[in-house]
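Enquirer: take a look and give me a structure for this.
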Amino acid sequence: MLTGVPGLALPAPVADRPNILLIMADDLGFSDLGCYGSEISTPNLDALASEGLRFTQFYNTAKCHSSRVSLLTGLYCDQAGAESLVRGATIAETLGAAGYFTAMVGKWHLSGQPTDVGFQRYWGHLSGATNYFTGDGSFRLDGATWEVPSQLNGHPFYTTHANVDFAIDFLKQHRDSADGRPFFLYTAFNAPHYPLQAPEEVVKKYKGRYDKGWDVLRRERHRRQTDSGLLPEKWELSPRPDHIPAWDSLGEAQKKWEASRMEVFAAMVDLLDHNVGRLVSWLKENRLYENTLILFCSDNGACPFERTKGRSFPPWDSRSHWTYDASWAHLGNTPFRLYKQNQHEGGISSPLIVHWPAGLKTQPGTTTDQPGHLIDIQATLMELAGATYPSQIGKRSIDPLQGKSLLPIFHGETREPHGTLYFHFSSDRALRQGPWKLVSAKGGRWELYHLDDDRTELHDLASSQPERVKQMSEEWFRLAREVDRLPANQLKPVKDNLTPLRFGKGESGH
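Expert: The predicted model follows:
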């Protein structure tokens with residue numbers, strides 16, 4: 001039986017409200033799908049893109065937990081209470097109260113459990129990362145501890161497969177209940193977040209594909225992006241930074257090791273795509289495909305953290321714990337600069353694929369350069385569901401919604417854009433107003449870019465636009481204090497110089 005959110009009335013049934021499948025990948029770079037320029041095989045996501053709509057300027061928060069907070073609540077991370085969600089209403093709560101069946105599978109990475117905040121069904125792990133073959137102690141099924149088996153549904157346990165096994169089980173049970181409610185299913189893959197682990201046969205599919213190295217492959221990805229019209233040629237490919245060695249400077253043994261790491265990453269993305277295909281096939285078989293809105297995005301840019309352990313074990317052995325580092329992450333974020341955690345475009349730019357045959361009014365295969373952000377997902381889905389945004393849920397006082405509906409873009413129209421988009425993680429900061437972006441890495445001085453001309457952030461205009469820097473920086477601090485509620489230790493002034501950037505074992509968090 002559906003339990004509504006206190007203070008919200010269930011709306012009258014709306015026959016044509018769509019089912020909603022919201023998919024988030026983990027540590028997937030902007031260019032890691034075939035339809036965004038990659039050499040990785042992603043035919044299922046490419047098909048959704050060719051039939052649907054792709055965003056080229058869609059933003060996340062550059063970090064795992066903060067992106068999940070913003071996705072679920074439509075608020076900036078600390079504004080919502082960060083992992084606690086104490087000032088946010090989740091999509092599951094708003095859509096559940098509007099008469100939707102709500103379910104989630106996969107990575108949670110927030111406080112409590114999904115079943116505490118509106119999800120009627122949940123299977124997955126509460127942790128920020130897990131062993132793909134053996135899992136960890138945080139797996140739950142509808143709030144109860146779930147022991148990870150060696151086999152699931154007749155095949156060896158592998159988290160990416162298991163997510164969709166349970167997703168389909170939940171959808172089948174909902175279908176068989178015949179209660180007529182549309183569904184909201186949030187599928188939060190842990191892939192391709194480290195550890196880099198995948199079955200042997202899929203890893204070997206990519207044998208040799210990365211032998212040419214990151215320098216050549218990055219140029220190839222960029223050429224596919226511009227040749228396809230995904231990105232304009234005027235945005236120059238950002239150069240390889242000093243902290244990444246030239247591929248040709250490596251010895252043969254090092255090249256072999258580096259190529260093998262990327263083979264595993266590619267296999268993980270391949271398997272993620274395969275499992276998206278399983279969900280799509282189930283929707284088609286059950287005649288739900290036409291009126292299911294599918295949204296696919298990533299929580300941050302590619303990850304530069306070098307944390308490899310167990311290198312002596314192959315990546316199909318559960319004792320392995322491989323990662324890759326900034327070198328391949330630079331490829332993943334083509335053509336942009338920097339990575340997960342940074343608020344430069346490489347950290348915050350996400351693919352967003354939108355597919356909805358019954359509702360999209362754009363031509364198949366269309367791309368849009370209208371900016372959007374994870375905070376917009378809640379507003380979009382509420383509008384589709386006929387849901388009401390609450391001011392109070394139980395003892396939680398809910399902050400005003402920050403996001404704006406993306407539906408005008410889905411209808412082929414020009415949306416009234418956000419006047420300002422605010423970004424923050426740790427000592428990385430940014431603010432976007434129209435084409436102008438102010439950004440600081442690791443507390444370094446403010447940099448200013450005109451993104452219409454220079455989205456790869458190569459031509460810093462801060463010294464020639466001091467008044468704009470002043471105005472935008474004051475607005476960043478105002479939003480940080482009054483909206484995002486950052487503590488004083490995260491409101492320090494930026495430095496006078498750029499901060500030297502180093503990437504490796506010293507970097508923080510999932």
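
Enquirer: from residue 78, how far off is residue 65?
Expert: Noted for residue 65: a distance of 11 Å to residue 78, by CB to CB, to the nearest Å. Every residue, glycine included, has its C-beta placed from N, CA and C.

Enquirer: now residue 502
Expert: Counting by CB to CB - residue 502 and residue 78 are separated by 26 Å.

Enquirer: who has more neighbours out of the two?
Expert: Taking neighbours as other CB atoms under 10 Å, residue 502 and residue 78 compare with residue 78 leading, 18 against 11.

Enquirer: excluding its backbone neighbours, what's nearest the more buried one?
Expert: residue 484 (4.6 Å; CB to CB, 6 or more residues apart in numbering).

Enquirer: tell me which element that neighbour falls in.
Expert: Assigned by DSSP states H and E, residue 484 belongs to neither a helix nor a strand.

Enquirer: surely it and residue 425 touch.
Expert: No - counting by CB atoms under 8 Å, residue 484 stays clear of residue 425, with 11.1 Å between them.

Enquirer: okay, now the domains of the protein?
Expert: The chain breaks down by automatic domain parsing into domains covering 19-410, 421-490.

Enquirer: what are the buried residues along stretch 440-449?
Expert: 440-442, 444-449 (16 or more other CB atoms under 10 Å).

Enquirer: specify which member of those is nearest to residue 20.
Expert: The nearest member of the buried residues of stretch 440-449 to residue 20, counting by CB to CB, is residue 449 at 34.6 Å.

Enquirer: could I get the phi/psi values of residue 331?
Expert: Residue 331 adopts backbone torsions of phi -70, psi -50, taken as degrees, to the nearest 10.

Enquirer: I figured it was touching residue 214, is that so?
Expert: Yes - if you go by CB under 8 Å, residue 331 and residue 214 touch, sitting 4.7 Å apart.

Enquirer: if you count what's nearby, which of the two comes out ahead?
Expert: residue 331 (28 against 25).

Enquirer: quick check: that one vs residue 215, distance?
Expert: For residue 331, the distance to residue 215 - CB to CB - is 9 Å.

Enquirer: for residue 29, which non-adjacent residue is spatially closest?
Expert: Per CB to CB, 6+ apart, closest to residue 29 is residue 332, 2.6 Å.

Enquirer: quick check, the one you found in contact with residue 33.
Expert: No - Residue 332 is not in contact with residue 33 according to CB under 8 Å; the separation is 10.4 Å.

Enquirer: who's more crowded, the two?
Expert: residue 332 (31 against 25).

Enquirer: how about the more buried one, phi and psi?
Expert: phi -60, psi -30.

Enquirer: could you check the pLDDT of it?
Expert: On pLDDT, residue 332 comes in at 98.

Enquirer: ok, residue 508 next?
Expert: pLDDT, read off for residue 508, is 41.

Enquirer: quick one: secondary structure of residue 22?
Expert: strand (DSSP: H, G, I helix; E, B strand; the rest coil).

Enquirer: right, and it touches residue 187 too?
Expert: Yes - with contact defined as CB under 8 Å, residue 22 counts as touching residue 187 (7.1 Å).

Enquirer: more neighbours: which of these two?
Expert: Of the pair residue 22 and residue 187, residue 187 is the one with more neighbours under other CB under 10 Å, namely 24 against 20.

Enquirer: assumed that one was part of a strand.
Expert: Yes - looking at residue 187 with three-state DSSP, it is inside a strand.

Enquirer: okay, and the beta partners of it?
Expert: residue 23, residue 105 (DSSP bridges).

Enquirer: do you know how far it is from residue 197?
Expert: Distance from residue 187 to residue 197, by CB to CB: 19 Å.

Enquirer: phi, psi of residue 151?
Expert: Dihedral angles (degrees, to the nearest 10) for residue 151: phi -130, psi 140.
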